[in-house]
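Novice: Let me see the structure of the following:
(2 chains)
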Number of protein chains: 2
Amino acid sequence: MASAIRDLAHRSPDQAEEYLDTHQSEWERIAEVDPNSAADILEALDEEGAADLLEALEADDAADVLDEMRPEPAADVLEELAPHEAAAYIAEMVTDQAVDLLAALEQDSRDAVLAALDPRTRREINRLIIFPPDSAGGLMTTDIASLPQGIDAGEAIESLRRLHDELGSNLTYVYVVDDAGRLVGVVPFRELVFARPGTGLEDVMVSDPVSVQLDTDREVVAELVQRYHLIAIPVTDADRHLIGMVKVDEALEAMQAEATEDITQMVGVGAEETVFTPISKSIRRRLPWIVLNLFIGLAIALVIDQFKDIIQDRTILAAFMPMVALLGGNTGAQSLAVIIRSMAVGDLPRGRALKAVRRELLVATSNGVVISILSGITGGIVSGEALIGLVICVAVFVNLMVAGFVGAAIPVVLRRVGQDPALASNIFLTTVTDVVGFGGFLLTATLVL
Amino acid sequence: MASAIRDLAHRSPDQAEEYLDTHQSEWERIAEVDPNSAADILEALDEEGAADLLEALEADDAADVLDEMRPEPAADVLEELAPHEAAAYIAEMVTDQAVDLLAALEQDSRDAVLAALDPRTRREINRLIIFPPDSAGGLMTTDIASLPQGIDAGEAIESLRRLHDELGSNLTYVYVVDDAGRLVGVVPFRELVFARPGTGLEDVMVSDPVSVQLDTDREVVAELVQRYHLIAIPVTDADRHLIGMVKVDEALEAMQAEATEDITQMVGVGAEETVFTPISKSIRRRLPWIVLNLFIGLAIALVIDQFKDIIQDRTILAAFMPMVALLGGNTGAQSLAVIIRSMAVGDLPRGRALKAVRRELLVATSNGVVISILSGITGGIVSGEALIGLVICVAVFVNLMVAGFVGAAIPVVLRRVGQDPALASNIFLTTVTDVVGFGGFLLTATLVL
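Specialist: Residues are numbered from 1 along each chain as shown, chains lettered A, B, ... in the order given. Purely as a prediction, here's the structure:
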C-alpha cells in the first residue's frame, strides 16, 4: 500500500479531504485492486472522512469496498450520504452483504434507502432481510448453482458455463433439485467435470446431503461446515426447498463470533455485545449482573461482620484478608478459563469432564502448596507475628484448593443443566472465592488465635 | 446413530468390550459411513475402551476415524496399541493428520511407531514433522495440484484427470510453477474448465497469488484465508518453491484456537493451554502469575494497614470494603471483555480504540450512578449508619468509573506496546480495582467520618 494512505489510516480522520486533493488516483487504485485494504482504511477513519473517500469512487468500486467492511461501520458511513447515493452503492453490492448492511442502518435511514432502490433489488433484499443475522437465512447467499435431476453431466456443464460469470467462486458445489425445487443431492463441481458426458446427474450426486434450514442457528451451521469439511452448506426451508447456501467464509466469521462470546459471557455481558452495541443496550444488559454482585457484596459484609470482635482485636487481619481472596480468585479463574476454552473448541466431551475437573484440582492444589507456604512466610514477616503467618498459610491453601475445584466445576455444571458453560461463570466463581477467602480466613484466625 | 452406541458414549467407558460382543457390525457400519461420529465416541471413552473399539475395525476404516479425532486423544488411544498395529493405521491416514498424531505421542512410542512404518511413509512423515503445529508448515497438506506454466488448459485438465482420485477435494485450486518449482500463479479449477482448450495456463492464471511461507504463524495464515475468502492458501519455502497448501478447514481450526486463547491469557494461563496440556507444565506456567498476585496482595495489605486506626474504630468498614472492590472488579471485567473480544474479531482497528474506551467509560459511569446509590442505601441500612452509606456510595462510584476506564484501557495499551491485548489483563485490572476499592474506600471513610 502506498505510504500516503497508510499514514492516513493511523492519523487524524479529518485529513481525508486533504489526502483526496493530492492523491485521488492513488485512492482509486487501492479501492480497485485491494478493496480489503480500502475497507480497513474506511473503518479506521471517522464516518465523515470515510464518506468523503467513498464518494470519490465509482459506484462499483465503492460497492466492492463496502462488501469488505463490517456491517456496523459501513452503516455508520452510509448514514452520512444521501439515500439515493447510498442506494446506488447498495444496488452494486453482493446481495447478502447488502442485506447485513441495511439491517445495521437506523430504521429511518433504512426506509429511505430502500425507497430509493430499484424495485428488483428492493424485492430481493426485502425477501432476505427478515432472517436474523445469526441464522442460516441471515448468513446465506442465494447465488447458487442448482440444476434439475433429470439431466446428464454434459448438459450440466453447458448450463453452468452460462452461469459461470454470475456465480464465480460459488460454483464449488452444484445442487440437484427435483421438479418442486426440493434439494435431492449435491455434486462437487470437479466430479461433474471428470464424469463421462452421458452420465446422469443422479449417478454422480451424493443423495440427501447435509443441509440446514433457514432458521438454523449460526453455531450449528459453523459446526456442520467444520465437522464435514465443507466449502458451503445448502439452506432449505422446512419442506426441503433449496433456497441458498452458507459459504465457509461466512461460517468462519460465525465460528469466530461464537468462540469469542465466552469472553463476554463470563463476566455478565451479553453473548452478542461488541463495541458496536448501542450504549443504552449495554447499560441495560450489564446492570443486572452488577446488581447481583451488590447483593453478593452485602452477603460477604454480613459474613465478615460475624467476626468483628477478632478484627477489632487484631486489625492486621483486615489488611490480609483481601490477599487470601485475591489468590483464590486468580487460581479459580485459571481453572475456569482452561475448561471454558477447551469446551469452546470441542476438546471436552461430557465423558471427559470429570477427568478435567480432577486435573484442575490437582494443578490448583500443587500451586496451593507453594503459594500457601510463600504467603504464610511473607505474611508472617510483614505482620511480625508467626501465628498470623500460619493463619494465612492455612486459609490460602484451603481457598486455592476450593477455587481450583469450583472454577473447573462451574462450566461443567452449567453445561449439564443446559446453560452456556461460560454464563456469568466468573461472577459465580468470585462469590465462592470471596466467601471462602474472607470468611475462611477469619474463621481460621478465630480458631488459631 | 444407532441407540446402543449412543448409550455407550454417555455411559461408563469399560462397557466398550461388552458392546462389541453384541454390536460389532453396527460399530463397523458407523465407522464406515460416519467416521466423525465414531471419532466423537472414541474421544468420549477412556483409552482402553477406545483402543478396543479401534482394533475391531479394518485398518482403512480405523484410519478414517483417527483422521477425524483430535491429535491428543488419538495419541492416547494409540499408546494402548502395539507399535506395528499403530503403524498400520498411521500408514492409511491422511499424511498431515498422521504427522499431528505422531507429534502428540510420547517420544518412546513415536520412535517405536516410526520404526514400524514402511520406509516411504516414514520419509514423508519425517519431512513434515519438523514443522511446529502452529506454523503453515505444520498445518499444510502436500497433496496439491501443481502444473508447469508452459501447458494449455486442455492439457491441464488431462493431467488433473489422472490426479483426480488422489487429490479429491484438494483440487479446488491449481497452482502453476516454473521450471524450478517456484510458485508463479494460481487458477481456480472452474476457470480452467471453462477456458477454451487451447488457452495457455499463463493466460488464465492469477499471477503472484497470496501465499505464506513454511514458518508463517497460524494466526497470519488464518487471517489471510479469511481476508481474501480463500478455500486454500499455497505454502512456499523462502525461495518461493511450492511445498503445499493450507486448506480453509485447517485455517478454521487455527482461527478457533486463536480466538479462544484470550480466555486463558487474561488470567495468566498460557495461550496454548488446554485440558490436554501436561499437568507439570500447567503448574509451572500458571505459578508465576499467582506469585505476582501474592505480591499484589501484600501491597494491598500494606495500603489497608495505613488505615488501621479507623478500622479499629469502625470495624464495620472492614466488612464493607470487599463489596466496593467486588463491584469495581465486575464492572472493569465487563469493559475488558468487550474490548478484548472486539479486538479478537477484528472490530477494533487502532484508529477506533479511543472511541471504544470513551464508550466503556460512559457505560461504567452510567451503571456507576445506579449502583452507587443502591449500594449506599443498602449499605446504610445494613450498617445502621447513614454516614457509612455515604462513604460506600462515593467509593463505589469512583471505583466503577476507574474500573470501566482501566478495564478498557489495559488491552489498548498492551496492543500499543506490541503485546497480546489479553495478556494477564484481568490480573492487572484486579490490582487496580482492589487498590482503589480497598484504599479508596478507607480513604473516603477517613475524610468523611
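
Novice: What segments of the stretch 151-300 of chain A are helices?
Specialist: A:153-167, A:189-194, A:201-204, A:218-227, A:248-265, A:279-305 (DSSP state H, counting those that start in this stretch).

Novice: Show me what the shortest one is packed up against.
Specialist: If I follow you right, that is helix A:201-204. In terms of contacts (3 or more CB pairs under 8 Å, 6 or more residues apart in numbering or on different chains; DSSP states H and E), helix A:201-204 is packed against helix A:153-167, strand A:183-188, helix A:189-194. C-betas here are computed from N, CA, C, even on glycine.

Novice: Quick check: which of the ones you listed is nearest to B:Phe131?
Specialist: Nearest to B:Phe131, of all the helices and strands packed on helix A:201-204, is helix A:189-194, at 28.2 Å by CB to CB.

Novice: Please identify the deepest-packed of the helices of the stretch 151-300 of chain A.
Specialist: helix A:248-265 (a mean of 24; mean count of other CB atoms under 10 Å in any protein chain shown).

Novice: for that one, what is the average pLDDT?
Specialist: Throughout helix A:248-265, pLDDT has a mean value of 86.

Novice: That helix vs helix B:248-265, what angle?
Specialist: Helix A:248-265 runs at 10 degrees relative to helix B:248-265, counting by axes from the mean of the first three to the mean of the last three CA atoms, to 10 degrees.

Novice: about what we covered before: of all the helices and strands packed on helix A:201-204, which one comes closest to B:Ala38?
Specialist: strand A:183-188 (22.6 Å).

Novice: Tell me who's in contact with A:Val406.
Specialist: Counting by CB atoms under 8 Å, 6 or more residues apart in numbering or on different chains, A:Val406 makes contact with A:Gly332, A:Leu429, A:Val432, A:Thr433.

Novice: and the nearest residue to A:Glu92 once chain neighbours are set aside, what does it touch?
Specialist: Nearest non-adjacent residue to A:Glu92, counting by CB to CB, 6 or more residues apart in numbering or on different chains: A:Ala63, 3.4 Å away. Counting by CB under 8 Å, 6+ apart, A:Ala63 makes contact with A:Tyr89, A:Ile90, A:Ala91, A:Glu92, A:Met93.

Novice: what's the answer for A:Leu348, then?
Specialist: If a contact means CB under 8 Å, 6+ apart, then A:Leu348 has A:Ile339, A:Ser342, A:Ala356, B:Val275 as its contacts.

Novice: out of the residues you listed, who has the most neighbours?
Specialist: Counting neighbours by other CB atoms under 10 Å in any protein chain shown, the top entry in these is A:Ile339, with 30 neighbours.

Novice: is chain B contacted by the helix or strand hosting that residue?
Specialist: Following DSSP states H and E, one finds A:Ile339 within helix A:316-344. Yes. Under the criterion of CB under 8 Å from any CB of the partner chain, chain B is reached by helix A:316-344 at A:316, A:318-327, A:329-331, A:333-334, A:336-342, A:344.

Novice: next structured bit after that helix?
Specialist: Past helix A:316-344, the next helix or strand by DSSP H and E is helix A:353-383.

Novice: Show me which residues of that following helix are buried.
Specialist: Within helix A:353-383, the residues scored as buried using 16 or more other CB atoms under 10 Å in any protein chain shown are A:353, A:356-357, A:359-361, A:363-368, A:371-372, A:374-376, A:378-380, A:382-383.

Novice: picking that back up, what's the angle from the helix or strand encompassing the residue nearest to A:Glu92 to helix B:218-227?
Specialist: Assigned by DSSP H and E, A:Ala63 belongs to helix A:59-68. Calculated by the same axes, to 10 degrees, helix A:59-68 forms an angle of 140 degrees with helix B:218-227.

Novice: Mean confidence (pLDDT) on helix A:59-68, please.
Specialist: Helix A:59-68 carries an average pLDDT of 93.

Novice: Residues in contact with the next helix or strand after that helix: which ones?
Specialist: Following helix A:59-68 in sequence order, the next helix or strand is helix A:71-78 (DSSP H and E). Under the criterion CB under 8 Å, 6+ apart, residues A:42-43, A:47, A:50-51, A:54, A:66, A:69, A:86, A:89-90, A:97, A:100-101, A:103-105, A:109, A:113, A:133, A:274, A:276, B:347 lie in contact with helix A:71-78.

Novice: Could you rerun that using 6 Å?
Specialist: Contacts with helix A:71-78, where a contact means CB atoms under 6 Å, 6 or more residues apart in numbering or on different chains, come from A:Glu43, A:Glu47, A:Ala50, A:Ala51, A:Leu66, A:Ala86, A:Asp100, A:Leu101, A:Ala104, A:Leu105, A:Phe276.

Novice: Restrict stretch A:235-244 to CA atoms and write it as PDB.
Specialist: Extracted as PDB, the C-alpha positions of stretch A:235-244 are listed here (Å, rounded to 0.1, in the frame of the first residue of the first chain):
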ATOM      1  CA  VAL A 235     -30.000 -24.000   3.100                       C
ATOM      2  CA  THR A 236     -33.600 -25.100   2.700                       C
ATOM      3  CA  ASP A 237     -37.000 -24.200   4.000                       C
ATOM      4  CA  ALA A 238     -39.000 -26.600   6.200                       C
ATOM      5  CA  ASP A 239     -40.100 -28.500   3.200                       C
ATOM      6  CA  ARG A 240     -36.600 -29.000   1.900                       C
ATOM      7  CA  HIS A 241     -37.000 -26.500  -1.000                       C
ATOM      8  CA  LEU A 242     -33.500 -25.200  -1.800                       C
ATOM      9  CA  ILE A 243     -33.100 -21.500  -1.000                       C
ATOM     10  CA  GLY A 244     -29.400 -20.700  -0.800                       C
END
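
Novice: What residues sit buried inside that stretch?
Specialist: A:Val235, A:Thr236, A:Arg240, A:Leu242, A:Ile243, A:Gly244.

Novice: Run a quick check on the second one versus A:Ser211, I expect a contact.
Specialist: Yes. Here A:Thr236 lies in contact with A:Ser211, judged by CB atoms under 6 Å, at a distance of 5.4 Å.

Novice: what residues are shared contacts of those two?
Specialist: Joint contacts of A:Thr236 and A:Ser211 (CB under 6 Å, 6+ apart) are A:Leu183.

Novice: Mark which of the contacts of A:Val406 are part of helices, please.
Specialist: Judged by DSSP state H, the contacts of A:Val406 include A:Gly332, A:Leu429, A:Val432, A:Thr433 as members of helices.

Novice: from these, which is closest to A:Met255?
Specialist: A:Leu429 (26.3 Å).

Novice: Apart from its chain neighbours, what residue comes closest to that closest one?
Specialist: In space, A:Leu429 is closest to A:Gly332, 4.8 Å off (CB to CB, 6+ apart).

Novice: go on, A:His164?
Specialist: B:Phe194 (5.2 Å).

Novice: swap in A:Leu66?
Specialist: Excluding its sequence neighbours, the residue lying closest to A:Leu66 (CB to CB, 6+ apart) is A:Ala74, at 5.3 Å.

Novice: Any idea how many residues pack against that neighbour?
Specialist: A:Ala74: 27 surrounding residues under other CB under 10 Å.

Novice: same question, A:Asp309
Specialist: Using other CB under 10 Å, A:Asp309 has 10 neighbouring residues.

Novice: Using the three-state scheme, assign it.
Specialist: Three-state assignment for A:Asp309 (DSSP: H, G, I helix; E, B strand; the rest coil): helix.

Novice: That one and B:Ala318, how far apart?
Specialist: From A:Asp309 across to B:Ala318, the span is 12 Å (CB to CB, to the nearest Å).

Novice: And A:Glu272, by the same measure?
Specialist: Distance from A:Glu272 to B:Ala318, by CB to CB: 40 Å.

Novice: what does A:Leu242 give?
Specialist: From A:Leu242 to B:Ala318 the distance is 68 Å (CB to CB).

Novice: same check, this time on A:Val204
Specialist: Look at A:Val204 and B:Ala318: by CB to CB, they are 77 Å apart.

Novice: Next: A:Thr430.
Specialist: A:Thr430 is 19 Å from B:Ala318, by CB to CB.

Novice: What is the burial count for the closest residue to chain B within the stretch 1-150 of chain A?
Specialist: As assessed by CB to the nearest CB, chain B sits closest to A:Ala44 within the stretch 1-150 of chain A, at 3.5 Å. Neighbour count of A:Ala44, defined by other CB under 10 Å: 20.
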